[in-house]
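Chemist: Pasted the sequence and its predicted model underneath.
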Amino acid sequence: MQLAKFPILLFPLFLFFLLGPMLVNAQQTKGTVTGQVVDENQLALPFTQVSLKLVGDSTLVKTLLADDQGRFVFEAPLGRYFIEVKMMGYHTAKSKAFDIEATEVMSLDKIQLKLSATQLAAVSISSPVPFVERRADKLIVNLNGLGSGAPIMEVMNQLPGVTVTPDDRISLNGKSVQIYVDGKATTLSAEALSGMLKGMSSSSIQKVELIAQPSAKYDAAGNGAIINIIRKRNYKAGLNGNIYVGGGKGEFGKANSGVNVNYKSTGYNLLLNMDYNYNKYFYKSTITSNFLNADRSGISQSISDIPSIRTNANYTPNLGLDFYLSKQTTLSASVKPGFQVFNREVNAKLVHSDGDGNVLNRSQFLSNVAIKASNFSSGLRLQHQIDTLGRELSVDVDYYRYGNYNDQHNDQTTFDLNSNPVTAYPSIVAQDRVFEVYALKMDYTHPLGNGKQLEIGLKSSYVDSDNSNSYVDFSNQQTDLFNYHESISAVYLTYSKTGKKLSYQLGFRGEYTFGKGAQQMNTASFKRSYFQPFPSIHLDYKFNQHHSLSLGMNKRVERPGYESLNPLLRIISANNFQQGNPALKPTVAYNADLWYGYKNAFFFGVTYSYGLNDFTSISVPVDGNAVTTLPGNADYSNYATIQAMYGKQVLPWWYTSSNVILSKRSFKGEFNGTLLKSNGMAALSATSYHSFLLSKNFSFMVLFNYRGKNIDRTITNKSFAYVTTGVRQQFLKKKASLQLNFMDVFKSYKNTYQQNSGTVQQLWQNNFETRMVKLNFSYNFGGSIKNTKKSNSAEEEKRRSSISEN
């Protein structure tokens, strides 16, 4: 990486250091009180509910959650107050009365919570009740044992608004999602990401953040939603963790296992995760391609029957270490390697016919694909709390590398009309993809008093993408290279206020992008540079304790994935290919949503999105009966939804989480010289999860998922529905659990769609292994040490480097 490629970095740095002194010198006009919550051993208690109340009538003034060190800060008008602290499993505690005076910062004595035997008994309720916190810009679900050690992929369907199909496509409120882990984006192929989530135990997860409309603080790229998975960390001194193991059987066997260990002392906190997932399955695609004239009369037809057997193994260890340099400063280091082995064995049969249905030729395509992929990410984070008022500065430095090495051995045989072999074409294809990402991010938080807060930050990143194709057959050999380099520099500013009734957040983000790419074989190259502003606004109004209304609006950009820009050909079968499009433009989207909430359990909302240069998929004829599929840009698209979600412990023995979405998408664009336009169709989708507590430690669950027929740009998807059931047994004082799930009980899930690319019409019928049985075991261990003395930056670039396996 060359520093000369970061000239734009000087501007946000100048702005940061120009505004920094102004923020530091901002005057506080309210009195402030600070404190800390501890347990009976004087150890910090994180995330307790802390309330500020008036002395006399106990009127509630403000409520907040203490931070991960048990600290809290209140700013309030002059008056006489006391603090009340609550936490499940502990007796409620109250502080002595105190006076808040203007411009004074008062530090209270530590507030100690004592264990409550009766409340501890209440904690043993085995029904999975996720505690939902509604924020102006996101929904937070604290798992609280939800899933009982099952892979987090299987728990996703139980979260409000989240849907996971049997082929592991995840959506939130009908939108595609980016998966974050501990605030950083995952950058893996679709297969690797699925393997990671299937290998990650829900017992190691503290909470999940559902961000339907990302604010200006997040990278502007990605028009979808964000699901941020926050792993557990040990906030008490001592050792704890979780061991899990699972297996399954469909047509073939599956396995997952792992261990999560967390050890904390007075000087550091160590986090170790090791996850493994193995999956063997079948995947069969039948592709019918019709080649048409401009008047839509038929020229020819090609039918490809492509069955395959696939195996996928993922191993993802992760090591994190927090050093407590002082009470205000923490240095965090993380190292996360990942390894994947993917194999695909294909035995495809191809038939090519003329416009009258007469067979012209037949062929067989045998292919053995072996992929070895590795990824390595490392990061440093310095977090410094400047004072007890909440001012904080953090700096992140990250490095990420992903390598995908694909070796494909093909053998194509053509037959005459009497099924006699005529010619054989053996070939070897080697395809390598390497991405490297360097990123620097700085964030500063400054409370302004009276619930107001200002955040400012900057980020700069550099990406280097190298791709190579090598093709060898009996008559020729050729190699092609495609290289792409990109730098993005950004600065953001958010202003927020949390009030008793009205809370809001206003944000602005500016990003400058420079990218260039070059292909060796045809000596083609391109350069792009542009600056884009991205405003955002989030409003949340509480009418009373039960009723609330929230509004979110933002502008986002969907930059092409690095693989989507790569023009090098990827082989699916002898006459079906995929490739990227260097001419692909970024999609700019304007989004808005309005939600009504009732008791943090029922939500009803409407959403709308308008996209310019919207991405779509098109098929282009190549050499008569062959087709290559590549991404293209539509002129625009409109996407609107009406949604309802409900999640609640209906009865002590019955928990439910359900959502219904009515959606419609329209679009317009020109492809292959043909104008394509669709007004879309109203489509209904629904997900309903129910858990029934049959005894103190035994429960039964059922999940129903339905998606109606819908039109998604150039693709018309047929409807499907499926049912999953399961049982769970807890034992060893609820430290251990055993869960048995039956996936797609009726084998009813189908993935069938029609793709309209003008002169090429394709019908895809995909069948794969969805009905299976899975058994998962999980055990939690460890506890705190008694009498111990008390003493998230390369996200978007990683996401765009993901590769889809075909």
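Modeler: Looks like it came in fine.
Chemist: From now on I want contacts and neighbour counts done on CA atoms only, so please keep to that.
Modeler: Fine.
Chemist: what's the single longest strand in the protein?
Modeler: Assignment by DSSP state E gives strand 421-449 as the longest strand of the chain.
Chemist: Now that one: average pLDDT?
Modeler: Strand 421-449 carries an average pLDDT of 89.
Chemist: Please apply the same query to stretch 620-628.
Modeler: 78.
Chemist: And that stretch, what's buried?
Modeler: Within stretch 620-628, the residues that count as buried by 16 or more other C-alpha atoms under 10 Å are Val620, Pro621, Asn625, Ala626, Val627, Thr628.
Chemist: Surely the fifth one touches Ser619?
Modeler: It stands for Val627. Yes: between Val627 and Ser619 a contact is recorded at 6.3 Å, counting by C-alpha atoms under 8 Å.
Chemist: For the chain, just list every one of the helices.
Modeler: All helices of the chain, identified by DSSP state H, fall at 10-24, 117-123, 152-155, 190-199, 562-565, 795-800.
Chemist: which outside residues touch stretch 519-528?
Modeler: For stretch 519-528, the external contacting residues (C-alpha atoms under 8 Å, 6 or more residues apart in numbering) are Thr479, Asp480, Leu481, Phe482, Asn483, Thr513, Phe514, Gly515, Lys516, Gly517, Ala518, Pro582.
Chemist: how far out from the middle of the chain is that stretch?
Modeler: Centroid displacement of stretch 519-528 relative to its chain, using C-alpha atoms, centre = their mean, to the nearest Å, is 33 Å.
Chemist: Could I get the buried residue list for that stretch?
Modeler: Buried residues in stretch 519-528, defined by neighbour count with 16+ other C-alpha under 10 Å: Gln519.
Chemist: May I have it exported as CSV, CA atoms only?
Modeler: Provided in CSV are the C-alpha atoms of stretch 519-528 (Å, rounded to 0.1, in the frame of the first residue of the first chain):
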residue,chain,number,x,y,z
GLN,A,519,-7.6,-6.5,-17.5
GLN,A,520,-4.5,-8.0,-19.1
MET,A,521,-5.9,-10.0,-22.1
ASN,A,522,-7.9,-7.2,-23.8
THR,A,523,-5.8,-4.4,-22.3
ALA,A,524,-9.0,-2.8,-20.9
SER,A,525,-8.8,-0.4,-18.0
PHE,A,526,-11.0,2.1,-16.2
LYS,A,527,-10.8,4.8,-13.5
ARG,A,528,-13.5,6.3,-11.3
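Chemist: Now do that stretch, average pLDDT.
Modeler: In the prediction, stretch 519-528 has an average pLDDT of 79.
Chemist: State the distance from the residue nearest to Asn751 when sequence neighbours are not counted to Phe777.
Modeler: In space, Asn751 comes closest to Asn766 once its chain neighbours are excluded; the distance is 5.2 Å by C-alpha to C-alpha, 6 or more residues apart in numbering. Here Asn766 is placed at a distance of 32 Å from Phe777 (C-alpha to C-alpha, to the nearest Å).
Chemist: ok, the two, which is more surrounded?
Modeler: Phe777 (22 against 16; other C-alpha atoms under 10 Å).
Chemist: so how far is Ser695 from the closest residue to the more buried one other than its chain neighbours?
Modeler: Counting by C-alpha to C-alpha, 6+ apart, Leu738 is the residue found nearest to Phe777 once chain neighbours are left out, at 4.6 Å. Computed as C-alpha to C-alpha, the Leu738 to Ser695 distance reads 15 Å.
Chemist: Please apply the same query to Asn554.
Modeler: If you go by C-alpha to C-alpha, the gap between Asn554 and Ser695 works out to 47 Å.
Chemist: And Lys114, by the same measure?
Modeler: For Lys114 relative to Ser695 (C-alpha to C-alpha), the value is 30 Å.
Chemist: So which of these two has more stuff around it?
Modeler: Counted by other C-alpha under 10 Å, Lys114 and Ser695 do not tie: Lys114 has more neighbours, with 15 against 11.
Chemist: Could you pull up the contacting residues of the more buried one?
Modeler: Lys114 neighbours (C-alpha under 8 Å, 6+ apart): Asp39, Glu40, Tyr90, His91.
Chemist: Among the residues you listed, name the buried ones.
Modeler: Among the contacts of Lys114, the ones that count as buried by 16+ other C-alpha under 10 Å are Asp39, Tyr90, His91.
Chemist: returning to that earlier point: can you pick out the ones from the buried residues of stretch 620-628 that are in strands?
Modeler: Per DSSP E, the subset of these in strands is Val620, Pro621, Ala626, Val627, Thr628.
Chemist: now those in a markdown table, with distance to Thr413?
Modeler: Shown next, in a markdown table, are those (distance: C-alpha to C-alpha, whole Å):
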| residue | distance to Thr413 |
| --- | --- |
| Val620 | 24 |
| Pro621 | 21 |
| Ala626 | 16 |
| Val627 | 19 |
| Thr628 | 20 |
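Chemist: Grab the two from those that are most spread out in space.
Modeler: Spatial extent of these (C-alpha to C-alpha) is set by the pair Val620 and Ala626 at 8.6 Å.
Chemist: worst-scoring helix or strand of the chain, pLDDT-wise?
Modeler: One helix or strand of the chain scores below all others by mean pLDDT, DSSP states H and E: helix 117-123, with a mean of 35.
Chemist: can you count the residues close to Ser176?
Modeler: Neighbourhood size, Ser176 [other C-alpha under 10 Å]: 17.
Chemist: for Lys599, same thing?
Modeler: So Lys599, with other C-alpha under 10 Å, has 12 neighbours.
Chemist: now the residue lying closest to it once chain neighbours are set aside: how far from Tyr598?
Modeler: Excluding its sequence neighbours, the residue lying closest to Lys599 (C-alpha to C-alpha, 6+ apart) is His546, at 4.4 Å. Distance from His546 to Tyr598, counting by C-alpha to C-alpha: 5 Å.
Chemist: more neighbours, the two?
Modeler: Legend: neighbour count by other C-alpha under 10 Å for His546 and Tyr598, higher for Tyr598 (16 against 11).
Chemist: who does that one bridge with?
Modeler: Judged by DSSP bridges, the bridge partners of Tyr598 are His547, Phe602.
Chemist: can you pull the contacts of it?
Modeler: By C-alpha under 8 Å, 6+ apart, the contact set of Tyr598 is His546, His547, Ser548.
Chemist: quick one: which of the contacts of Lys114 is nearest Gln213?
Modeler: Tyr90 (35.9 Å).
Chemist: Can you report how many residues neighbour the closest residue to the closest one other than its chain neighbours?
Modeler: Computed as C-alpha to C-alpha, 6+ apart, the closest residue to Tyr90 that is not its neighbour in sequence is Leu115, at 4.3 Å. Using other C-alpha under 10 Å, Leu115 is surrounded by 15 other residues.
Chemist: Against Leu45, how distant is Leu115?
Modeler: Applying C-alpha to C-alpha, the value for Leu115 to Leu45 is 12 Å.
Chemist: do the same with Ser525
Modeler: Distance, Ser525 to Leu45, by C-alpha to C-alpha: 57 Å.
Chemist: Check Asp411 too.
Modeler: Going from Asp411 to Leu45 by C-alpha to C-alpha gives 64 Å.
Chemist: The two: who's more crowded?
Modeler: Leu45 (23 against 17).
Chemist: mind checking how far the more buried one is from Leu113?
Modeler: Leu45 is 8 Å from Leu113, by C-alpha to C-alpha.
Chemist: shared neighbours of these two, anything?
Modeler: Contacts common to Leu45 and Leu113, judged by C-alpha under 8 Å, 6+ apart, are Val37, Val38, Asp39.
Chemist: Present those as a markdown table; the columns should include distance to Phe577 and pLDDT.
Modeler: Listed next are the shared contacts of Leu45 and Leu113 as a markdown table, based on distance: C-alpha to C-alpha, whole Å; pLDDT from 0 to 100:
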| residue | distance to Phe577 | pLDDT |
| --- | --- | --- |
| Val37 | 61 | 90 |
| Val38 | 61 | 86 |
| Asp39 | 62 | 81 |
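Chemist: Need these in CSV (columns: distance to Lys249).
Modeler: Below are these laid out as CSV (distance: C-alpha to C-alpha, whole Å):
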residue, distance to Lys249
Val37, 48
Val38, 47
Asp39, 46
